[in-house]
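**Student:** sequence and predicted model, in that order:
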Amino acid sequence: MSSTVMTRRAALAAGAGLLAAPFLPARAQGQRREVRFWHAMTGVVGERVEELCRRFNESQAQVTVTAVYRGTYDELINATVAAYRTRTQPQLVQIYERGFMTMLLSNAIVPVHELMAANGHRVDWSDFIKPIAGFYTWRNQLQAMPFNSSTPILFYNKAMFQRAGLEKPAATWQELEEQLRRMKAAGVPAGTVMAGDYHWSWFENYSAINDMPYATRNNGFDGLDAEFVYNRTGVVGQVARMKRWLDDGLMVMAGQGFSPESVFTSGRAATYIASTAAHAGVMAARDLPWDATYLPHEEGKDPRNSTIGGAVLWALRGHSDADNGATAQFLAYLAKPETQVWWHKATGYVPATNTAYQMAKSEGWYRERPTQELAVLQLSRGTPTANSLGFRFGNFTQTMMAQREEAERAFAGQKAPQAAMDDAVSRGNEILRRFERLNQGRY
């Protein structure tokens, strides 16, 4: 999902109290209007953010976008809250998908559809890929500009499968487990490595792909009074499956000082479920005979679309009309198919629009990088249902942390999977009720 997810409780708790105040306008830079853009991207992707801004700055003479790294997603949302309180907020900020409700109800944002219309930019919002646009749409209007959107896929080591006489991972979880057992018997070190964001791929996307409800009220889209129900779905069996795989040595954890990705790229695990944004690290690995495929589904299920991770760009209130116009100009540049295609190729993130996807396809990109098309195809598979459109919960990261804590108690044998998920749902629903009380009548 990119950037750490393990310390977000305090971030979102603070974010729930964002204030709307008359903020100071940004300063002009020479004859140009400066747009400060706070982000959370590091490494190669961080370099691509800098390059993106440089490309825009060189494309015209009115606006300079200054990209500023402000730490992880958690640190960034905390920094944004602090900036609001001191009236030093940037014009544009990158916020992870779990912060959607916090930003939406903060009364501190300029919805992107309003910003673009007010500044004369015509954007075909219907062209955005449905699960991406749907996640960030409220009252039929897109609220923030999709930026780094991703979805999990299954990476695999072709040589390890061949060692067990197998061609590629099976389509179902049941068949995949049989394959992992065959590979173990053939001397493969481990069948898979647990992702750091397993809640996203193994629980949330598992539910979407298998068309299972995660919560009432259409997974929170229809009201703040939603309640989690994943303790009454296949998620309980998924927790049991993960424990079984851990106990039987089919799945390993990375261990202190190692990343799950490094376990896979160093040849110590045959498969790795991760964001499509992991392409950069996997492709950089030397002598790794890898490929990728769709996430598995349960036997007897017609797989639906997966859901997104990543982040969007929010325009913040309190700036001058001239600053807002400059921000809109940059966002219009980001929405261009040519920019979307460049970003997709350079980072592995999903192109946000169907036009950009078709452009990349017509250029032959997927003949060269077929695994980068998997994410688009998986996201676009079929028509999204109420269970696969996405998730909309207040204090979502806090509820996720409660779920992880309970799941890890099940993995350790301290609780049965059903009891663990019952407790996770109970704790999560208490968190939802606090958010509901705080934001009554605002959604």
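**Tutor:** Alright, I've got the coordinates.
**Student:** checking R367 next. Helix, strand or coil?
**Tutor:** Put simply, R367 is helix when judged by DSSP: H, G, I helix; E, B strand; the rest coil.
**Student:** neighbours of it, how many?
**Tutor:** Number of residues near R367 (other CB atoms under 10 Å) recorded here: 9. C-beta coordinates here come from the backbone N, C-alpha and C atoms, glycine included.
**Student:** one more: the one 4 residues further on?
**Tutor:** In terms of burial, T371 registers 18 neighbours under the definition other CB under 10 Å.
**Student:** separation between it and P384?
**Tutor:** 23 Å (CB to CB, to the nearest Å).
**Student:** swap in N395?
**Tutor:** Distance, N395 to P384, using CB to CB: 24 Å.
**Student:** looking at those two, which one has more neighbours?
**Tutor:** Just comparing N395 and P384: by other CB under 10 Å the higher neighbour count belongs to N395, 26 against 20.
**Student:** wait, that one sits on R437?
**Tutor:** No. Checked against CB atoms under 8 Å, the pair N395 and R437 is beyond contact range at 11.5 Å.
**Student:** and stretch 277-296, how far apart are its ends?
**Tutor:** 19 Å (CA to CA, to the nearest Å).
**Student:** in that stretch, what's buried?
**Tutor:** 277-282, 288, 290-296 (16 or more other CB atoms under 10 Å).
**Student:** for the stretch 251-400 of the chain, give me the ranges with low pLDDT.
**Tutor:** Of all residues in the stretch 251-400 of the chain, none has pLDDT under 70.
**Student:** just the helices in it please.
**Tutor:** Assigned by DSSP state H, counting those that start in this stretch, the stretch 251-400 of the chain shows helices spanning 260-265, 279-284, 321-335, 337-347, 354-362, 365-368, 371-379, 396-411.
**Student:** do the same with the stretch 51-200 of the chain
**Tutor:** Under DSSP H, counting those that start in this stretch, the stretch 51-200 of the chain gives helices at 73-86, 100-104, 112-118, 130-135, 158-163, 173-185, 198.
**Student:** for the third one, list the C-alpha coordinates in CSV.
**Tutor:** The C-alpha coordinates for helix 112-118 follow below in CSV (Å, rounded to 0.1, in the frame of the first residue of the first chain):
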residue,chain,number,x,y,z
VAL,A,112,-11.5,18.9,-6.6
HIS,A,113,-14.6,19.0,-8.9
GLU,A,114,-15.4,22.5,-7.5
LEU,A,115,-11.8,23.7,-7.8
MET,A,116,-11.5,22.6,-11.4
ALA,A,117,-14.8,24.0,-12.5
ALA,A,118,-14.2,27.3,-10.8
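**Student:** which residues are contacting it?
**Tutor:** 122-123, 125, 141-145, 313-315, 324, 327-328, 331-332 (CB atoms under 8 Å, 6 or more residues apart in numbering).
**Student:** now it: how far from the chain's centre is it?
**Tutor:** Here helix 112-118 is found 24 Å from its chain centre; the criterion is CA atoms, centre = their mean, to the nearest Å.
**Student:** and it, what's its mean pLDDT?
**Tutor:** Helix 112-118 comes out with an average pLDDT of 97.
**Student:** buried set for it?
**Tutor:** 112-113, 115-116.
**Student:** picking that back up, so which of the helices of the stretch 251-400 of the chain gets nearest E75?
**Tutor:** helix 396-411 (13.2 Å; CB to CB).
**Student:** what comes up buried for the closest one?
**Tutor:** 396-404, 406-407, 409-411.
**Student:** please apply the same query to stretch 351-369.
**Tutor:** 351-357, 359-360, 365-366, 369.
**Student:** ok, those vs R70, which is closest?
**Tutor:** A352 (22.7 Å).
**Student:** grab the nearest non-local neighbour of the closest one.
**Tutor:** P146 (4.0 Å; CB to CB, 6 or more residues apart in numbering).
**Student:** T339 too?
**Tutor:** Nearest to T339 is Y333, by CB to CB, 6+ apart, at 5.8 Å.
**Student:** which ones are touching that neighbour?
**Tutor:** Contacts of Y333 by CB under 8 Å, 6+ apart are 56, 59, 339.
**Student:** how far away is it from R182?
**Tutor:** Where R182 is concerned, Y333 sits at a distance of 50 Å (CB to CB).
**Student:** run through the residues that contact the spatially most central residue of the chain.
**Tutor:** By CA atoms, centre = their mean, the mean C-alpha position of the chain lies nearest to G309, the distance being 1.1 Å. Going by CB under 8 Å, 6+ apart, G309 touches 1-2, 96-97, 149-152, 197, 200, 275.
**Student:** chain center to stretch 99-109: distance?
**Tutor:** 17 Å.
**Student:** tabulate the CA atom coordinates of that stretch in PDB.
**Tutor:** Provided in PDB are the C-alpha atoms of stretch 99-109 (Å, rounded to 0.1, in the frame of the first residue of the first chain):
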ATOM      1  CA  GLY A  99      -7.900   9.200   5.700                       C
ATOM      2  CA  PHE A 100     -10.800   9.900   3.200                       C
ATOM      3  CA  MET A 101     -13.500  10.400   5.800                       C
ATOM      4  CA  THR A 102     -11.300  12.600   8.000                       C
ATOM      5  CA  MET A 103     -10.500  14.900   5.100                       C
ATOM      6  CA  LEU A 104     -14.000  14.900   3.700                       C
ATOM      7  CA  LEU A 105     -15.600  15.900   7.000                       C
ATOM      8  CA  SER A 106     -12.900  18.300   8.000                       C
ATOM      9  CA  ASN A 107     -14.500  21.400   6.400                       C
ATOM     10  CA  ALA A 108     -11.000  22.300   5.400                       C
ATOM     11  CA  ILE A 109     -10.800  21.100   1.800                       C
END
